[in-house]
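Engineer: model the following, please.
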Amino acid sequence: MALRRAGRSLVGLCPFHQEKTPSFHVDPGKQLFYCHGCHTGGDVFRYVQLLHQVDFNEAVGLLADRYGIPRPARAAGRNEAREAGRRRRALAALAEAREFFRARLEGAGGEAARRYLASRGYGPEERERFDLGFAPDSWDALLRHLSGKGFGLDDIVFAGLAVPRASGEGAYDRFRGRVTFPIRDPAGRVVSFGGRALGDATPKYLNGPETRVYDKGRVLYRVHEEGKALRESRRAVLVEGYFDALGLARAGVGGAVAVCGTAFGEGHGRLLARFCETVVLVFDGDSAGRRAVHRALPALLARGLGVRIVLLPEGKDPDDLARERGAAGVAEALDGAMDLVDFLVLEARRAFDLSSLEGRTRAVEMVLRHLAALASPIARDDAALRVAAGLGIDDRLVVDELRRAARARARTARAEIPGRNIAPARAFSPAEGVLLRWLAGAGRSRPALALELLAGLPREALGEASRRLVSAWEEAARRGDAWDAARFADAAEGPLREPFLALLFGPAPEPGEAEARGAVLALRERALRARMRELQEEIERAGDGAERTRLLAEKVALARELHGLGTARGEGPGPREPVPGFREGAP
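Structural biologist: Modelled structure (predicted):
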């Protein structure tokens, strides 16, 4: 991604949500990133986890592999270590299978596959460009090859490359007599294959099974290869077949990706939203193609993606379009894509009898089910007016119904995602924020001073979130391992991570010792005032007698201490002014 210098940070467009104004910040000094738009942040491992949808251990491995560093050994449970080992061997087997299929396509046994591909316009350059291969028409050719490379039968089956025999003895190759298409995850690793029969064998297309390294709901064919085009154009062209994606790529269309034998779902929408702003659906114009559009819309609209639709003539697919009409014809079809409203009106007029009340009601319900997902109220109202005009229905009724549907959807979304994007103001008070930022910055180089300040800080003066972080930092400092910002951020787990990172990446200048001392005094003052309020309530309940006298004496002593703190706070700067983005008195 492109980053530019802005003060002490590098900024760019966030890869994790749709935006036009850069809000993604990287602080080289802190070794952290944070997006002020979607409140996502962390260190480089967290970035790789989110970008490639992998767990922490895989992220470490990907970075190690990229920079030529041996993968680190780590303590792990026996089952966890065994699982990680199986995944590594499966990925290695899949990479070796890709080499095997490529060699067989170009070798002596691949003549029939090469003739078939040539009939579709794929010569040597295209075969290499698209990494096409050939699985020999043999029950065990790949099995024998992988076994000779040291892979066990369990590894090969685990990778989805072989099918256990019904008898329970042995296995056989999953792909036989087929052109193969390697399927890569966003990180570029081969995680499965698709296969196309050369003749009339059924099924015509065979898709690899879901495995522990291949989740069909989170991978799209050629999303890795088209990553640069997707980011640059901010547009994806979604099709349903392997040759459809390749045909559009040959016609010069960047960003063409395909589902792999499964319906387009939420995981696919989340994946595309990392790359682009608009998705053009290019599907067959028959009933199956239209149903596929309807299935894809919720996942796309939920991620805020713009949608356009190309419905091809019945019996034609995107590969036919590319072969018959060439690059100019494909470009013309994409330029003429329908927008969401036009498609929904067309579908409503086709599917329902608009001359009847029931037909109009069902048509509006179908349309509103999709339009309610639009994020912008202005876009929703504009869409409602166009739908009303297209269906011949009172526009006020459609607008009102759409607004009700959008409100209901928003309530459901909030209920389903508790705590999402917690605002920083809810986590830390201004004084807590100054103290935490000082500990993560200058305080790390002066642990003795930091421990001295913390010794004078009553823990009841801190909110729950700050208390947990300060205690963890203090414990580490006493061990001689004062945390830097990245280690501090690691300790801020769960819903606390995002507001803590927002704090670290806030616009206020880095606090110094004077600000840190002022913060501690302000927190002590807050604790004293809270105790004085408690005392006043106890005094009012105590009536006359010795207990009332004791409570009054304690209140006077606290008042004197509070006055002393006020005098001390006047000697230097402190967090009396609100820290930008924070609210005094927050828990």
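Engineer: so where is the stretch 451-587 of the chain shaky, pLDDT-wise?
Structural biologist: 493-495, 562-587 (pLDDT under 70).
Engineer: how about Leu354, nearest residue that isn't a chain neighbour?
Structural biologist: Arg360 (5.5 Å; Cβ to Cβ, 6 or more residues apart in numbering). Any C-beta I mention is one placed from the backbone N, CA and C, and that applies to glycine too.
Engineer: the one you found belongs to a strand, doesn't it?
Structural biologist: No: per DSSP: H, G, I helix; E, B strand; the rest coil, Arg360 lies outside any strand segment and is helix.
Engineer: relative to Arg218, how far out is it?
Structural biologist: 39 Å (Cβ to Cβ, to the nearest Å).
Engineer: just Tyr47 next, same as before
Structural biologist: Taken as Cβ to Cβ, the span from Tyr47 to Arg218 is 17 Å.
Engineer: go on, Cys14?
Structural biologist: From Cys14 to Arg218 the distance is 19 Å (Cβ to Cβ).
Engineer: comparing those two, which residue is more hemmed in?
Structural biologist: Ranked by neighbour count (other Cβ atoms under 10 Å), Cys14 and Arg218 place Cys14 first, with 22 against 17.
Engineer: that older thread, wouldn't the residue nearest to Leu354 be in contact with Asp394 here?
Structural biologist: No: Arg360 lies out of contact with Asp394 (Cβ atoms under 8 Å); the separation is 10.2 Å.
Engineer: what about stretch 225-244, start to end distance?
Structural biologist: 15 Å (Cα to Cα, to the nearest Å).
Engineer: typo on my end, it should be stretch 214-222
Structural biologist: 14 Å.
Engineer: what's the domain layout of this protein?
Structural biologist: 4-66, 79-181, 227-336, 354-416, 424-569 (automatic domain parsing).
Engineer: how about the helices of the stretch 1-150 of the chain, start to end?
Structural biologist: 44-52, 56-66, 78-106, 111-119, 124-129, 141-148 (DSSP state H, counting those that start in this stretch).
Engineer: I meant to write the stretch 451-587 of the chain there.
Structural biologist: Using DSSP H, counting those that start in this stretch, helices in the stretch 451-587 of the chain cover 464-478, 485-491, 497-504, 513-542, 546-569.
Engineer: which of those sits closest to Ala351?
Structural biologist: helix 497-504 (43.2 Å; Cβ to Cβ).
Engineer: measure how buried Leu535 is and give me the count.
Structural biologist: 18.
Engineer: for Ile156, see how far away Arg104 is.
Structural biologist: From Arg104 to Ile156 the distance is 17 Å (Cβ to Cβ).
Engineer: next: Ala331.
Structural biologist: 44 Å.
Engineer: before we move on, what about Ala296?
Structural biologist: Relative to Ile156, and taking Cβ to Cβ, Ala296 is found at 34 Å.
Engineer: hang on, the earlier thing: Arg360 and Asp394 - which one has more neighbours?
Structural biologist: More neighbours surround Arg360 than the other of Arg360 and Asp394, with 18 against 9 (other Cβ under 10 Å).
Engineer: measure the more buried one to Glu537 for me?
Structural biologist: 64 Å.
Engineer: same thing with Ala527?
Structural biologist: 16 Å.
Engineer: more neighbours: which of Ala331 and Ile156?
Structural biologist: Ile156 (25 against 14).
Engineer: so how far is Ala93 from that one?
Structural biologist: 6 Å.
Engineer: intersection of neighbour lists for these two?
Structural biologist: Leu146 (Cβ atoms under 8 Å, 6 or more residues apart in numbering).
Engineer: how far off centre is the helix or strand where Arg386 lies?
Structural biologist: Using DSSP states H and E, Arg386 sits within helix 377-391. Going by Cα atoms, centre = their mean, to the nearest Å, the spacing between the C-alpha centre of helix 377-391 and its chain's C-alpha centre is 31 Å.
Engineer: try stretch 139-152
Structural biologist: 36 Å.
Engineer: buried set for it?
Structural biologist: For stretch 139-152, the neighbour count (16 or more other Cβ atoms under 10 Å) marks 141-143, 145-146, 151 as buried.
Engineer: try stretch 514-522
Structural biologist: 515-522.
Engineer: tell me the first helix or strand C-terminal of the helix or strand bottoming out on mean pLDDT in the chain.
Structural biologist: Here the helix or strand of the chain ranked lowest by mean pLDDT, DSSP states H and E is helix 395-416, holding a mean of 62. Note on helix 395-416: by DSSP H and E, the next helix or strand toward the C-terminus is helix 430-440.
Engineer: what angle sits between that next one and helix 497-504?
Structural biologist: 80 degrees (axes from the mean of the first three to the mean of the last three Cα atoms, to 10 degrees).
Engineer: report the angle between helix 430-440 and helix 464-478.
Structural biologist: 30 degrees.
Engineer: and helix 430-440, what does it pack onto?
Structural biologist: Applying 3 or more Cβ pairs under 8 Å, 6 or more residues apart in numbering; DSSP states H and E, one finds that helix 430-440 contacts helix 464-478, helix 485-491, helix 497-504, helix 513-542.
Engineer: for the third one, what is the distance to the chain centroid?
Structural biologist: Taking Cα atoms, centre = their mean, the mean C-alpha location of helix 497-504 is offset from the chain mean by 18 Å.
Engineer: over to the second one?
Structural biologist: Between the mean C-alpha point of helix 485-491 and the mean C-alpha point of its chain there is a distance of 21 Å (Cα atoms, centre = their mean).
Engineer: let me see the residues that make contact with that helix.
Structural biologist: By Cβ under 8 Å, 6+ apart, helix 485-491 touches 27, 29-32, 41-43, 436, 439-441, 469, 472-473, 476, 483, 497, 500-501, 504.
Engineer: ok, and for that helix, which residues are buried?
Structural biologist: 485-489, 491.
Engineer: and of these, the nearest to Ala450?
Structural biologist: Phe488 (12.2 Å).
Engineer: the closest one and Asp481, how far apart?
Structural biologist: 12 Å.
Engineer: cool, Ala302 as well?
Structural biologist: Taking Cβ to Cβ, one finds Ala302 at 43 Å from Asp481.
Engineer: Gly289 - how many residues pack around it?
Structural biologist: 19.
Engineer: was I right about it contacting Phe283?
Structural biologist: Yes: if you go by Cβ under 8 Å, Gly289 and Phe283 touch, sitting 3.8 Å apart.
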